[in-house]
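K.L.:
just need the structure, nothing else, for what follows:
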Amino acid sequence: MDYKDMKFKMWTGCDRGLCKQGCGRQDKQLNTYDWLADVPGNTDDTDLVEVQFKNTRKGYYHNDSHLELKKGDIVAVEASPGHDIGVVTLTGRLVKLQIKKANIRSADDIKRVYRLARQGDMDKYFEAKAREHSTMIESRQIAKRLGLDMKIGDVEYQGDGNKAIFYYIADERVDFRQLIKDLAAAFHVRIEMKQIGARQEAGRIGGTGPCGRELCCATWMKNFSSVNTGAARIQDISLNPTKLAGMCAKLKCCLNYEVDSYMEASRKLPPKDAVLQTLDNDYFHFKTDILAGQITYSTDKKLAVNLQTISYERALEIIEMNKRGEKPMSLEEDGKQRQPEKPIDLLADTDISRFDKTKKKKKNKNKNKQQAGNQNNGNNKQNGNNKQNNRQRHGNGNNAANNGERQNEGNNQ
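P.N.:
The predicted structure is shown next:
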C-alpha cells in the first residue's frame with residue numbers, strides 16, 4: 001500500500017455520537033473494542049459492517065453504497081419485509097472475525113445497508129418502539145388464556161413497524177401455532193417467535209453481577225457453555241446455591257473461567273486422604289489454597305485442632321519420608337518442633353488504674369477553678385472596700401473646707 005499520497009484525517013473527540021473512531025465503551029451491549037479503527041486502510045479491505053438492534057441482537061450487512069459509516073451511525077438496513085433501523089457498532093477487518101464467531105456461513109444471510117436514517121425513518125422507529133411494552137403485556141395475557149407453559153420475556157418491533165419478534169422462555173416444546181394466529185389478529189403485524197434461555201434473557205435485560213461489574217452475557221459473551229457443580233468442587237468453592245447462582249438463577253458462567261488453572265495447579269498437590277506422620281502427632285488434611293500451594297493440616301480428622309500450614313513441597317517430602325519408615329520431628333521446614341503458642345494477654349502492657357488518673361485530673365481542674373474563683377471574689381471585695389473608703393475621705397474633706405469658709409465669713413463680719 002502506498003502511504004505517500006494517502007490523506008490522513010486526525011480524529012479528536014466524539015464523532016457523530018459515541019466515541020473516537022469507534023474505540024472505547026459505548027451504550028450498547030456486547031460492545032467490541034475496535035483496536036484497528038485508527039489504522040489507515042482498515043475499511044478498504046471489506047465493505048462489511050456490524051449493526052446492532054435492541055439489546056443483544058446484531059446483524060452483518062454489505063455497504064454497497066460505499067457510505068462513510070462510523071461507529072455510532074444510525075442506519076436503515078434491509079429486512080424481510082421492509083427495512084430495519086440499527087446502530088453501526090463495528091467496521092473494517094474485525095467484522096470478518098465477528099462473522100466467523102457468529103457462525104454465519106451463507107452469503108444470503110448478509111443483506112445490505114440502504115442509507116443513513118432519515119427523520120421520517122426515525123419517526124416510524126420511535127412510534128414502533130412505543131408499542132413494545134403494551135404489546136408484551138397483552139401477548140402474555142393471550143398466552144395465559146391459551147394455557148401455554150411459556151413466558152414471553154421481550155418484544156421487539158422492526159424499524160418500520162411491519163414485523164414483531166417475540167422472545168419467549170419455555171422448558172418444554174410449545175405448540176404456539178394458535179398463539180401466532182391470535183397475535184397477528186391482535187396486532188396486525190408479521191409475527192416471529194424466538195426461543196431464548198435464561199442466560200440470554202439476563203443478557204438482554206442487563207445488570208450488575210455480585211463482582212460489581214456488568215454481566216458478562218451483556219458485555220462480551222455470546223456463546224454459553226454448560227456449567228456444572230464440578231467446576232466449583234475443583235476450585236474448592238463451597239456448594240452454596242445462593243452464591244453459585246447468577247442473575248439468571250443458573251450457575252454462574254464465571255465458574256468456568258479459571259477451572260483450567262486450578263486443574264493444572266491441583267496436579268502438583270498431594271492427595272487429600274494422605275496422613276502426615278511426625279514424632280509429635282499425626283496430621284490430617286483440613287483445607288488447601290490451590291493457587292498459592294499452601295496446605296493446612298489438623299491433628300483431628302473433623303475438627304480444626306492444632307492447625308499448621310505448610311507448602312505442598314514440604315507435604316510431599318514428609319509423605320516420601322513416611323514411605324521409607326521415617327518420621328520428621330514436626331511439619332516445619334527445618335524439622336524443629338513447633339513451640340506452643342502463648343495466650344495473648346490484651347491487658348499485659350496496660351495499667352488498670354489508667355481510668356482513675358483522668359478522674360483525678362478532672363478533680364484537680366475543678367479545685368483550681370474554685371480557687372481561682374474565690375481569689376477573684378476576694379479581689380473584687382477589696383476593690384469595693386477601697387472605693388468606699390476613698391468616697392468617705394473625699395466627703396470628709398469637703399465638709400471641713402465648707403466649715404472653714406463659714407468661720408472666715410463670721411470673723412469678717
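K.L.:
from residue 191, how far off is residue 151?
P.N.:
Relative to residue 191, residue 151 is positioned 17 Å away (criterion: Cβ to Cβ, to the nearest Å). All C-beta spots, glycine's among them, are computed from the backbone N, C-alpha and C.
K.L.:
looking at the two, which is more packed in?
P.N.:
Under the neighbour definition other Cβ atoms under 10 Å, residue 151 and residue 191 were set side by side, and residue 191 has more, 18 against 14.
K.L.:
is that one located within a strand, as I assumed?
P.N.:
Yes. Using DSSP: H, G, I helix; E, B strand; the rest coil, the assignment for residue 191 is a strand.
K.L.:
got a pLDDT number for it?
P.N.:
As summarised for this prediction, residue 191 has a pLDDT of 93.
K.L.:
where does the chain have low pLDDT?
P.N.:
1-28, 333-352, 354-413 (pLDDT under 70).
K.L.:
which parts of it are helices?
P.N.:
Applying DSSP state H to the chain gives helices spanning 94-101, 119-129, 132-145, 177-187, 198-205, 216-219, 229-234, 241-244, 259-266, 312-323, 354-412.
K.L.:
for stretch 138-157, buried residues please.
P.N.:
Buried positions in stretch 138-157, judged by neighbour count with 16 or more other Cβ atoms under 10 Å: 138-140, 142-143, 148, 150, 152-157.
K.L.:
actually stretch 309-322, not the one I typed
P.N.:
Residues of stretch 309-322 classed as buried under the neighbour-count rule (16+ other Cβ under 10 Å) are 310, 312, 314, 315, 317, 318, 322.
K.L.:
do the same with stretch 87-96
P.N.:
Burial within stretch 87-96, assessed by neighbour count using 16+ other Cβ under 10 Å, is assigned to 87, 88, 89, 90, 91, 92, 93, 94, 95.
K.L.:
distance between the ends of stretch 152-161?
P.N.:
Stretch 152-161 stretches 19 Å from its first residue to its last (Cα to Cα, to the nearest Å).
K.L.:
contacting residues around the closest residue to residue 140 other than its chain neighbours?
P.N.:
Nearest residue to residue 140 in three dimensions, chain neighbours excluded: residue 152, at 5.2 Å (Cβ to Cβ, 6 or more residues apart in numbering). The neighbourhood of residue 152, defined by Cβ atoms under 8 Å, 6 or more residues apart in numbering, consists of 136, 139, 140, 143, 166, 167, 168.
K.L.:
mind jotting down where the strands sit in the stretch 201-350 of the chain?
P.N.:
In order along the chain, the stretch 201-350 of the chain carries the following strands (DSSP state E, counting those that start in this stretch): 276-277, 282-289, 294-298, 308-311.
K.L.:
packing partners for the last one?
P.N.:
When contacts are defined as 3 or more Cβ pairs under 8 Å, 6 or more residues apart in numbering; DSSP states H and E, strand 308-311 sits against strand 294-298.
K.L.:
adjacent strands (with direction) for the strand it packs on?
P.N.:
Partners of strand 294-298 in the sheet, by DSSP bridges, are strand 282-289 (antiparallel), strand 308-311 (antiparallel).
K.L.:
ok, which of those comes nearest residue 126?
P.N.:
Of all the strands paired with strand 294-298, strand 282-289 sits nearest to residue 126, with 55.5 Å by Cβ to Cβ.
K.L.:
quick one: buried residues of the closest one?
P.N.:
For strand 282-289, burial by neighbour count (16+ other Cβ under 10 Å) applies to 283, 284, 285, 286, 288.
K.L.:
circling back to that earlier point, got the strands of the stretch 201-350 of the chain as a markdown table, with distance to residue 176 columns?
P.N.:
Conversion of the strands of the stretch 201-350 of the chain to a markdown table gives the following (distance: least, Cβ to Cβ, whole Å):
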| stretch | distance to residue 176 |
| --- | --- |
| strand 276-277 | 63 |
| strand 282-289 | 51 |
| strand 294-298 | 56 |
| strand 308-311 | 59 |
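K.L.:
out of those strands, flag the one nearest residue 353.
P.N.:
With Cβ to Cβ as the criterion, residue 353 lies closest to strand 308-311 of these, at 40.6 Å.
K.L.:
now the closest one: how far from the chain's centre is it?
P.N.:
In terms of Cα atoms, centre = their mean, to the nearest Å, the gap separating the centre of strand 308-311 from the centre of its chain is 34 Å.
K.L.:
who's in contact with it?
P.N.:
Outside strand 308-311, the residues that touch it by Cβ under 8 Å, 6+ apart are 283, 293, 294, 295, 296, 297, 331, 332, 333, 338.
K.L.:
pick out the most distant pair among those residues.
P.N.:
The widest separation within the contacts of strand 308-311, taken as Cβ to Cβ, falls between 293 and 338 and amounts to 20.2 Å.
K.L.:
just the C-alphas of stretch 171-191, formatted as CSV.
P.N.:
What follows is the C-alpha trace of stretch 171-191 in CSV, where atoms were taken according to Å, rounded to 0.1, in the frame of the first residue of the first chain:
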residue,chain,number,x,y,z
ASP,A,171,-38.7,-25.6,29.5
GLU,A,172,-40.5,-27.9,27.1
ARG,A,173,-41.6,-27.8,23.5
VAL,A,174,-44.6,-25.5,22.9
ASP,A,175,-47.2,-25.6,20.2
PHE,A,176,-47.8,-21.9,19.5
ARG,A,177,-49.5,-22.1,16.1
GLN,A,178,-52.7,-20.8,17.6
LEU,A,179,-50.8,-18.2,19.5
ILE,A,180,-49.3,-16.8,16.3
LYS,A,181,-52.8,-16.5,14.7
ASP,A,182,-54.1,-14.7,17.8
LEU,A,183,-51.1,-12.3,17.9
ALA,A,184,-51.4,-11.5,14.2
ALA,A,185,-55.1,-10.8,14.6
ALA,A,186,-54.5,-8.6,17.7
PHE,A,187,-51.5,-6.5,16.5
HIS,A,188,-51.8,-6.7,12.6
VAL,A,189,-48.1,-7.3,12.1
ARG,A,190,-45.9,-10.2,10.9
ILE,A,191,-45.1,-12.4,13.9
